[in-house]
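Chemist: what shape does this take:
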Amino acid sequence: MTKILLRRFLLAYRPLDARLRRFGPYAAFSRLLQARYNAMMGGEGAANPGGLDTHAYVENYNRLAPRSDTILFECYWGKKFADNPLAMYRALTKIQPRGKFRILWVARGSAIVPSEISDNPDVTLVRTGTPEYGIALLEAGFLVNNVTFPPWFIRRPGQHYCNTWHGIPMKAMGRDMVAPLVSMANSQRNFLQADIIPEMSDFYRQATIRPYYVDQLVAGALIPCGAPRVDDLLTPKVPAARLRSRYGVEEGQKVVLFAPTWRGNSTRIDQVFGNQAQLCNKMAEALGSGYVVLFSAHQMLKVQPADLAGNVALLAEDENINDVLSIVDVMVSDYSSILFDFLPLDRPIILFTPDIEHYREERGLYLEPADLPCANTTDLPGLVEAIQVARPPSDFPGHAEMVRRFTPFEDGQAAQTALSALLDPAGATYHRRPDDRIRILIGPGGVIPNGITSSLKSLMANLDYDRFDPYIVVDAPVMDKEPLRMEQFQEFDPRCNWILRSGDMLLSTDERPVYHGFRIGNDLDADRDLPVIRNILTREARRVFGDSHFDVAIEFGGYAPYWTGLIACSNATRKVCYQHNHLWAEYNNPDASRNHRQLNAVFQIYRWFDQIVAVSDETRVVNETHLKHFYPPAMTARTVRNTLDVKRVLEKARLPVSLIHPEAGPLFQDSSLYRFIALGRLSPEKRYDRMIGALARIAPEYPNAVLLICGTGPLLERLSQLARRKGVAAQVRFLGQVSNPYPLLARADACVMSSDYEGQPMTLLEAQCVGTPCIGSDIPGIRAVLKDGLGHIVLPTEEAFAEAMKAAIEHRLPPLKNAEVRTSYSRDTMAEFYGTVLARTADAAGRVFAADRTGT
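Modeler: As a prediction, the model looks like this:
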């Protein structure tokens, strides 16, 4: 709430601030306040101390070493003692002598501890949310989890982490389902942290690992292994008589397990799931006294035993369902992974899927009921009949092939295999390795609708995916909150992989002020402060990427200290930083909203990169003039021009303007109008005031001239007022952020850009692609695109633009050369990218990628 009120106050204060900035002393003070505000409000995280567990973890991170005698088990965030972790614990206690290991079991306050754990003197319970939990995650030399550790957990050298996950999915996972990015971010991160991942089948890898974008990154961690929890079905650990007595199953009664999967989300239960208790009663009553129905109700579904029929028993919340499966005669489920646990027993499985059409549409399915060796029903009578005539999986066609596809490694030794791999990773059998593509990590620069994002989308569209494997890292919570970012995200080539950052970076009490000074752009002591910053960001890179190694890491944005530092400190052979603009001018930009002061932090860590590249020769030269003393010794900056996705631009340009922007449609239907178009952020360096002033100069003579401005930004109200004062409010149309501006750009009569500084403007390249002539300021970045007769370059003055716009209307401008953007440009720019950004890249196997492998 404090941040919201502060933001509202500063927005109201901004006009006064802009006027006071004319006075030097106030201007310096204002810039400092703006930088501190940005650091506080930004999403790239500084380090919230969090709870007691987080605080204990970060403050002791460098003090406590992992212990080789300590193993930690966690199941469903400490809510249960079951599943794969319990199976591996049982294997440990069976084969290891008492006293060899200090065993830690994570428990929530309300969790019921089974006697096989509570009675073991080697076991210590560690409560979630306590300092002891943070310390336990530091000291455990071995860790087992079937879901996720907190976002602040980092597997350190000397630790080994087995992430077993919790089943083979029939339903869509990760990127294959419609869900916020943040919902999958920590699951992805835990796969990256793990160095042991049981792979239950090739189908499991495709359905569980691949949807989180990391199947290549974790290929070296996969071991061929069944699900440890299935061992407890094949070799029961709890006597059947004890289980049958616990649930009131009498001699001769058949046991039916009703185990529907979850519907809804963390705060809402779908109605179809909420009605499951009523359905369970009806099913049990129809089956009669010869059956006992065990109901596995989700923890969020409140069911009282008194609400159930006489031959229905509610599975205890603390029950390990895999123990119970050993006494089940018939399983009834729907889309749950539990059916794959039951499959090796060759006992009847029945799917009850009355909502399959809705579920398929809303969640998505990897498998249809017909793909599985079991009956499928959609109504209660059919369900009862299927139970009564229950057929084992082996009675269905293709059963043997299905077993090979889904559960080929279930031999009753999975827990032992996984445990042995955890305790002795060097001796484990790994059967996969990543492919031999060059692996690229990319910091994209915010994924906001601007030229940098457009350029990166084009680069990804033109990339050769047979030889390159790209990973783009983004802040998942920020992306989810901002529709414009998500719109850009969805336009990237679907072959791109994404690393979804979430959670706060770790900062100790001593590190916090140093990092804060770095982030707001203070000058840092190279010997005292920069090593601290590098240590912080190296740790953060391990938190985000785990042990993943990249052949090349590219900071494509080049503006934000956090992201630039994260890429610089990643585990990559070669590191490259882009310059998309006249950065010294950006640093000195008087507009506080440009975050210019933070660029000083970026400049100071240029020394950590192997290569600096600028997007035009002109931009490279002007940046070298001001920034070369920050560059690594003996490193020469290079030019790599932005590439262009010609196919995408032309396809999107074909759409009708009226469909893309109904308000602008009539402006393109009126043949009497002469349409100038400008695209970009409404910020000072773009100098829209110059365009508006130029239009006002020619408006009396040419009232049919209109200026269409596509973009948003802090100057909207000021520019609107300017147009009114100049008497051209009706001729200047602010169209807002246009998701697809290409139909407007293609049908405009001229594209104008009056900026004071630019890098290599994508807008001008796109205008050339669709055949729209360009008029631009005589500044380095614009000259890079329009030189040699490819566009009209004019002095950056209102008078010069007015004359050029008048000449355009009167058809007096000289003819332009063909820019060849549609033909050789993309090929040539990709050759620059391959030959410069990826030059001299070698991986651990000695493969080298050089310019002569571009295929151009």
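Chemist: what residue ranges in the stretch 1-150 of the chain score low on pLDDT?
Modeler: 1-15, 17-50 (pLDDT under 70).
Chemist: let's see it at 90
Modeler: Low-confidence segments of the stretch 1-150 of the chain, defined by pLDDT under 90: 1-51, 109-110.
Chemist: can you list the domains in the chain?
Modeler: Domain assignment of the chain by automatic domain parsing yields the ranges 2-41, 52-231, 236-411, 440-639, 660-819.
Chemist: would you state the strands of the stretch 401-550 of the chain in chain order?
Modeler: 438-443, 468-475, 497-501, 550-555 (DSSP state E, counting those that start in this stretch).
Chemist: mind listing the residues bridging to the most centrally placed residue in the chain?
Modeler: A centroid search over the chain (CA atoms, centre = their mean) returns residue 500, at 2.5 Å, as the residue closest to the centre. Applying DSSP bridges to residue 500 gives these bridge partners: residue 474.
Chemist: how much space between it and residue 545?
Modeler: Distance, residue 500 to residue 545, using CB to CB, to the nearest Å: 11 Å. The way it works is simple: take the backbone N, C-alpha and C, and place the C-beta from them, glycine included.
Chemist: tell me the most buried of the strands of the stretch 401-550 of the chain?
Modeler: The highest mean neighbour count among these, using mean count of other CB atoms under 10 Å, belongs to strand 550-555: a mean of 26.
Chemist: contacts for that one?
Modeler: For strand 550-555, the external contacting residues (CB atoms under 8 Å, 6 or more residues apart in numbering) are 438-443, 471, 563-564, 567-568, 570-578, 609, 837-838, 841-843, 849.
Chemist: over to stretch 415-434?
Modeler: 84, 87-88, 90-92, 95, 142, 144, 160, 162, 164, 195-196, 198-199, 205, 216-217, 219-226, 228-229, 231, 469.
Chemist: about what we covered before: mind putting the strands of the stretch 401-550 of the chain into TSV with mean pLDDT and distance to residue 284?
Modeler: Shown next, in TSV, are these (pLDDT from 0 to 100; distance: least, CB to CB, whole Å):
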stretch	mean pLDDT	distance to residue 284
strand 438-443	98	54
strand 468-475	98	49
strand 497-501	98	43
strand 550-555	98	56
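Chemist: okay if I get those strands as TSV plus distance to residue 762?
Modeler: Converted to TSV, these look like this (distance: least, CB to CB, whole Å):
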stretch	distance to residue 762
strand 438-443	17
strand 468-475	18
strand 497-501	22
strand 550-555	17
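Chemist: quick one: which of the ones you listed is nearest residue 61?
Modeler: strand 497-501 (18.9 Å; CB to CB).
Chemist: going through the contacts of strand 550-555, which ones are buried?
Modeler: Neighbour counting with 16 or more other CB atoms under 10 Å marks 438-443, 471, 563-564, 567-568, 570, 572-578, 609, 837-838, 841, 843, 849 as buried within the contacts of strand 550-555.
Chemist: would you turn the domains of the chain into a markdown table with distance to residue 419?
Modeler: Converted to a markdown table, the domains of the chain look like this (distance: least, CB to CB, whole Å):
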| stretch | distance to residue 419 |
| --- | --- |
| domain 2-41 | 46 |
| domain 52-231 | 5 |
| domain 236-411 | 15 |
| domain 440-639 | 21 |
| domain 660-819 | 52 |
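Chemist: which of these has the lowest mean pLDDT?
Modeler: Lowest mean pLDDT within the domains of the chain: domain 2-41, at a mean of 55.
Chemist: start and end of stretch 363-382, how far apart?
Modeler: Using CA to CA, to the nearest Å, the end-to-end distance of stretch 363-382 comes to 24 Å.
Chemist: only the buried residues of that stretch, if you could.
Modeler: So stretch 363-382, judged by 16+ other CB under 10 Å, has buried residues 363, 365, 366, 367, 369, 372, 373, 374, 375, 376, 377.
Chemist: with stretch 68-78 instead?
Modeler: Buried-residue list, stretch 68-78, by 16+ other CB under 10 Å: 70, 71, 72, 73, 74, 75, 76, 77, 78.
Chemist: for the third one, grab phi and psi.
Modeler: Dihedral angles of residue 72 (phi, psi; degrees, to the nearest 10) stand at phi -120, psi 140.
Chemist: show me what it is bridged to.
Modeler: residue 104, residue 143.
Chemist: ok, it to residue 103 distance?
Modeler: From residue 72 to residue 103 the distance is 8 Å (CB to CB).
Chemist: my guess is residue 723 contacts residue 729, does it?
Modeler: Yes. Counting by CB atoms under 8 Å, residue 723 does reach residue 729; the two are 4.7 Å apart.
Chemist: so which of these two has more stuff around it?
Modeler: Using other CB atoms under 10 Å as the criterion, residue 723 and residue 729 rank with residue 723 on top: 23 against 15.
Chemist: list the contacts for that one?
Modeler: 692, 729, 731, 732.
Chemist: can we see that at 6 Å?
Modeler: 692, 729, 732 (CB atoms under 6 Å, 6 or more residues apart in numbering).
Chemist: ok, of those, which one's closest to residue 744?
Modeler: Looking across the contacts of residue 723 and measuring by CB to CB, the closest to residue 744 is residue 732, at 14.8 Å.
Chemist: tell me the phi and psi of the closest one?
Modeler: According to degrees, to the nearest 10, residue 732 has phi -110, psi 120.
Chemist: nearest spatial neighbour of it, chain-adjacent residues omitted?
Modeler: residue 723 (4.2 Å; CB to CB, 6 or more residues apart in numbering).
Chemist: next one: the one you found from residue 764, what distance?
Modeler: 24 Å.
Chemist: and for residue 600?
Modeler: The value you get for residue 600 to residue 764, if CB to CB is used, is 29 Å.
Chemist: mind checking how far residue 184 is from residue 476?
Modeler: In terms of CB to CB, residue 184 sits 8 Å off from residue 476.
Chemist: what segments of the stretch 1-150 of the chain are strands?
Modeler: 67-74, 102-107, 123-127, 140-145.
Chemist: please identify the most buried of those.
Modeler: Note that of those, strand 140-145 is the most buried (mean count of other CB under 10 Å), with a mean of 26.
Chemist: could you point out the helix or strand that follows that strand?
Modeler: Remark: after strand 140-145, the chain's next helix or strand is strand 160-163, criterion DSSP states H and E.
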